[in-house]
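With the sequence up front, the predicted model follows.
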Amino acid sequence: MSVIEYQNLVSQLNLWNHAYHVLDAPLVSDAEYDAAFRKLQTIELEHPDWLMPDSPTQRVGAIASSAFQKIMHNIKMLSLANAFSLEETVDFFSKAARELALPLETLSVYSEPKLDGLAISLRYEKGFLAYAATRGDGQIGENVTHTIKTIQSIPLKLNIDAPPEILEVRGEVFMSKAVFEQINQLAQTQNSRSFVNPRNAAAGTVRQLNPKIAAERALQFIPYGIGEYSDERGFSRHSEIMAYLTELGFKSNTSCESFFASETAFEQDYQRMETLRDTLPMEIDGIVYKIDDLVLQQKLGFIARSPKWAIARKFPAQVMTTTLLDVDFQVGRTGVLTPVARLEPVFVGGVTVSNATLHNMDEIERLGLYIGDRVEIHRAGDVIPKVVKVVTQGQLRQPIIMPTHCPVCESSVKSANNQAAYRCTGGLACAAQTAERIKYYASRNCMNIRQLGAKLIEILCEQGVLTNVADIYRLQIDDIANLDGQGEKNATKILAAIEASKHTQFSTFLAALGIPEVGEEGAKNLARYFKTLEKLRAADVETLVQVPDVGMVTANNVRTFFDDAAQNELVGNLLAAGVHWDESAEELSKNLKPFAGQTWVLTGSLSLPRNEIKAKLEQLGAKVSGSVSAKTTCVLAGEAAGSKLAQAQTLGIKIIDEAQFLELTHDTN
């Protein structure tokens, strides 16, 4: 191979990287990319004198020294003033308009989401990345080039034929929500310390001494402006700079808008961004508003550490501190007792929070948590608030102790094989477990009795009408029609839905029984293996563990369930009530399996009902999962797809839209 061919290969790989990591539009398969990359590595080993600084192999460099080199910013990296209301935002720009002697409505404002990450300055010299530095105190930062080079959305060489001699690109390094959840889940399994939020995770990763660790965490970068710049090209607006950076190969922020300043415009834009917030793949903590005109920016100048032409309107805080007043224990469907923190009410993430999850006793021990402590809680979007750390210890601390008896039925509470979970032993006699089991049985992913909602089930349980799952099929019209807000018409619809649920599939019935560790996929594996309920009931543990993806814990749970007289009686009552399935249908669905061995994930808004898409995929042999992992084959993404799409992009998983899905499955109808 000649040096020209080597250089062409570097250019080809960089083009593919840009398409994948910046444009989210892969040009080749993972296998084709990997083969080309290995070829590049081989060539560079044979011809080290050919090595180019923008070669993809240079993204993971040498381990940094323990003391980061200091970098002086020739142009300061400024902070932004904050606004916490519409009034403060309007006041800021009204003051700027007065100073410029212009009407407020003539100011063109550029709006961009305030990414919750770490500010970084990238210095390019003659088009190549020279070094990367943190903001630091605005004047002096730290050299973090070794980790920044691992970020695939940062070009090592600018995508331009005649680059400026010097260009400093300022922007935010961040970690996607999906990757953040992955890292913390891994930390929990390894019993190591987890990150509090994606911002801390990104900051900690950038300052890692070992760049290989940084590379594994799939950080991303989006620019928000430039610093030092030596070029004859002139810009008149900030929006032109952002368009230019996209041309150079940087990832663009697609949520930006421009508008003329007014109270109404600012409020509408805030509402727009607040609506978008939970759908974005990254965390944002506000909106940055900038006067778009660069001449006006220069006229206004700066005050201390912040510009007079830009401000950040912050969203309500998602992290706050409060006092742990008490801990209650809630009983779930399988009898597991979950500790719930009762907090001194605090406004966080736009709502008043008085409760937060504590997961289990191991988590309480890890936090070193006692009643009376001052704690930090975190709430993001619609996620249940959680306690993340103890801020200060209370003066009269009380230990948190797992009850020895169930708070609902007073049955004894036991730990299963020294696991973190503690369970009430009351089983079907526990009212709390009964209500949760009935909700689970009727849920969309089980028997799909949509009209029988959670609130109605709770009321019927409180009145003693529902005492177990089989009682669903004994409901009469008057049991429902006489309740407040129901009536005969609605009761008739509910009973019709209950009747329709009687015709089901063996695997659906198994999942609905709520056997611990037997979810939707586990139930399908059991149904495929045993084919009939009678064979499953008769199977011993040694036989059960032969089922794909069924381990010893699940096998013991299945055997324990069917050894229990009360559970067998319940199953018998359900069958006697008319619940049935066509066992031959389970075999029929296996005849055509072009997607056998594949795992699919659905995300976003789809025009077809999800149950219909899921049924089609399963008919074709695919497994449909609720989460993205390295084992995922394909992601079907609809409108407003969020963290699952982002995670798939990070992992390089195939992504298709609904039109492509329909085309792909057309010939299988």
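Good, I have the coordinates. Numbering: from 1, shown residues only.

so where's the stretch 551-669 of the chain shaky on pLDDT?
Counting by pLDDT under 70, the stretch 551-669 of the chain contains low-confidence ranges at 583-592, 666-669.

Please enumerate the helices of it.
For the stretch 551-669 of the chain, the helices defined by DSSP state H, counting those that start in this stretch cover 552-563, 565-576, 583-588, 610-619, 643-651, 658-665.

Buried ones in the second one, by neighbour count?
Of the residues in helix 565-576, those scored as buried under the neighbour-count criterion (16 or more other Cβ atoms under 10 Å) are 567, 570-571, 573-574. All C-beta atoms are positioned from the backbone trio N, CA, C, and that covers glycine.

now stretch 593-603
By neighbour count with 16+ other Cβ under 10 Å, stretch 593-603 contains the buried residues 595, 598-603.

now the end-to-end length of that stretch.
23 Å (Cα to Cα, to the nearest Å).

and what of stretch 80-91?
Per Cα to Cα, stretch 80-91 runs 15 Å from first to last residue.

what comes up buried for it?
Under 16+ other Cβ under 10 Å, the buried positions of stretch 80-91 are 80-81, 83, 89-90.

Columns distance to residue 69, pLDDT and secondary structure on top of those, output as JSON lines?
Output for these, formatted as JSON lines (distance: Cβ to Cβ, whole Å; pLDDT from 0 to 100; DSSP: H, G, I helix; E, B strand; the rest coil):
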{"residue": "80", "distance to residue 69": "27", "pLDDT": "86", "secondary structure": "coil"}
{"residue": "81", "distance to residue 69": "31", "pLDDT": "84", "secondary structure": "strand"}
{"residue": "83", "distance to residue 69": "36", "pLDDT": "87", "secondary structure": "strand"}
{"residue": "89", "distance to residue 69": "39", "pLDDT": "93", "secondary structure": "helix"}
{"residue": "90", "distance to residue 69": "43", "pLDDT": "95", "secondary structure": "helix"}
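
what packs against the longest helix along the chain?
Looking across the chain with DSSP state H, the single longest helix is helix 3-21. Packing partners of helix 3-21 (3 or more Cβ pairs under 8 Å, 6 or more residues apart in numbering; DSSP states H and E): helix 30-46.

okay, and for the stretch 251-400 of the chain, where does confidence drop off?
Short version for the stretch 251-400 of the chain, where the test is pLDDT under 70: 304, 317, 349-350, 380-383.

And the strands in it?
Taking DSSP state E, counting those that start in this stretch as the test, the strands found in the stretch 251-400 of the chain are 257-260, 284-291, 302-303, 306-307, 310-314, 319-331, 337-348, 351-357, 374-378, 386-392.

for those strands, which one sits closest to residue 581?
Between residue 581 and those, the shortest separation by Cβ to Cβ is 30.8 Å, and it involves strand 319-331.

residues touching residue 373, list them.
Residues near residue 373 by Cβ atoms under 8 Å, 6 or more residues apart in numbering: 323-324, 390-394, 397.

quick one on the thing from earlier: TSV for the helices of the stretch 551-669 of the chain, including distance to residue 137?
Shown next, in TSV, are these (distance: least, Cβ to Cβ, whole Å):
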stretch	distance to residue 137
helix 552-563	53
helix 565-576	65
helix 583-588	67
helix 610-619	50
helix 643-651	32
helix 658-665	50
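
Can you tell me which of these is nearest to residue 180?
helix 643-651 (9.0 Å).

and that closest one, what does it pack onto?
helix 177-189, strand 599-603, strand 634-637, strand 654-656.

Alpha carbons only: can I get the third one in CSV?
Included here for strand 634-637 are C-alpha records, laid out as CSV according to Å, rounded to 0.1, in the frame of the first residue of the first chain:
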residue,chain,number,x,y,z
CYS,A,634,-32.3,-3.4,16.0
VAL,A,635,-34.2,-0.4,17.4
LEU,A,636,-37.5,0.7,15.9
ALA,A,637,-37.6,4.5,16.6
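
packing partners for it?
Looks like strand 634-637 contacts strand 599-603, helix 643-651, strand 654-656 (3+ Cβ pairs under 8 Å, 6+ apart).

Residues in contact with the second one: which ones?
With contact meaning Cβ under 8 Å, 6+ apart, helix 643-651 is reached by 24, 176-179, 181-182, 218, 281-282, 601, 603-604, 627-630, 632, 635, 637, 655.

ok, now the last one?
For strand 654-656, the external contacting residues (Cβ under 8 Å, 6+ apart) are 633-637, 645, 648-649, 664.

Would you reformat those as CSV and include neighbour count?
Output for these, formatted as CSV (neighbours: other Cβ atoms under 10 Å):
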residue, neighbour count
633, 15
634, 20
635, 24
636, 25
637, 24
645, 24
648, 23
649, 22
664, 15
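
and which of the residues you listed is nearest to residue 493?
Nearest to residue 493 among the contacts of strand 654-656, counting by Cβ to Cβ, is residue 636 at 31.1 Å.

picking that back up, let's have the buried residues of helix 565-576 in a markdown table, adding distance to residue 233.
Below are the buried residues of helix 565-576 laid out as a markdown table (distance: Cβ to Cβ, whole Å):
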| residue | distance to residue 233 |
| --- | --- |
| 567 | 75 |
| 570 | 75 |
| 571 | 75 |
| 573 | 78 |
| 574 | 74 |
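
from those, which is closest to residue 528?
Distance to residue 528 across the buried residues of helix 565-576 (Cβ to Cβ) is lowest for residue 571, with 19.5 Å.

any idea what sits nearest residue 486, other than its immediate chain neighbours?
Nearest residue to residue 486 in three dimensions, chain neighbours excluded: residue 480, at 5.2 Å (Cβ to Cβ, 6 or more residues apart in numbering).

Can you give the distance of the strand or helix carrying the one you found from its chain's centre?
Assigned by DSSP states H and E, residue 480 belongs to helix 477-481. How far helix 477-481 lies from its chain's middle: 41 Å, per Cα atoms, centre = their mean, to the nearest Å.

re earlier: outside of the longest helix of the chain, which residues touch it?
Residues from elsewhere that reach helix 3-21 (Cβ under 8 Å, 6+ apart): 25-28, 33, 36-37, 39-40, 43, 47, 50, 52, 54-56, 152-153, 155-157, 159, 220, 249, 251, 652.

Buried ones among the residues you listed?
Buried, going by 16+ other Cβ under 10 Å: 26, 28, 33, 36-37, 40, 43, 52, 54-56, 152-153, 155-157, 159, 220, 249, 251, out of these.

Who does the nearest residue to residue 89 once chain neighbours are set aside form a beta bridge with?
Spatial nearest neighbour of residue 89, excluding adjacent residues (Cβ to Cβ, 6+ apart): residue 83 at 4.4 Å. Beta-bridge partners recorded for residue 83 (DSSP bridges): residue 313.

I'd guessed residue 83 sits against residue 93; true?
No. Applying Cβ atoms under 8 Å, one finds residue 83 not in contact with residue 93, separated by 9.6 Å.

Show me whatever sits in contact with both of those two.
Taking Cβ under 8 Å, 6+ apart as the criterion, residue 83 and residue 93 both touch residue 311.

do you know how far residue 253 is from residue 86?
Distance of residue 253 to residue 86, given as Cβ to Cβ, to the nearest Å: 23 Å.

I meant to write residue 481 there.
48 Å.

How about residue 662?
Distance of residue 662 to residue 86, given as Cβ to Cβ: 44 Å.

For the residue sitting furthest away from the middle of the chain, what are phi and psi?
Each residue of the chain has a distance to the centre, and by Cα atoms, centre = their mean the biggest one is for residue 101: 46.4 Å. Here is the backbone geometry of residue 101 (degrees, to the nearest 10): phi 60, psi 40.

Quick check: which ranges of the stretch 1-150 of the chain have low pLDDT?
In the predicted model of the stretch 1-150 of the chain, residues 20-26, 28-35, 59-67 satisfy pLDDT under 70.

And the buried residues of helix 565-576, which is closest to residue 366?
Residue 366 has its nearest neighbour among these in residue 567, at 34.6 Å by Cβ to Cβ.
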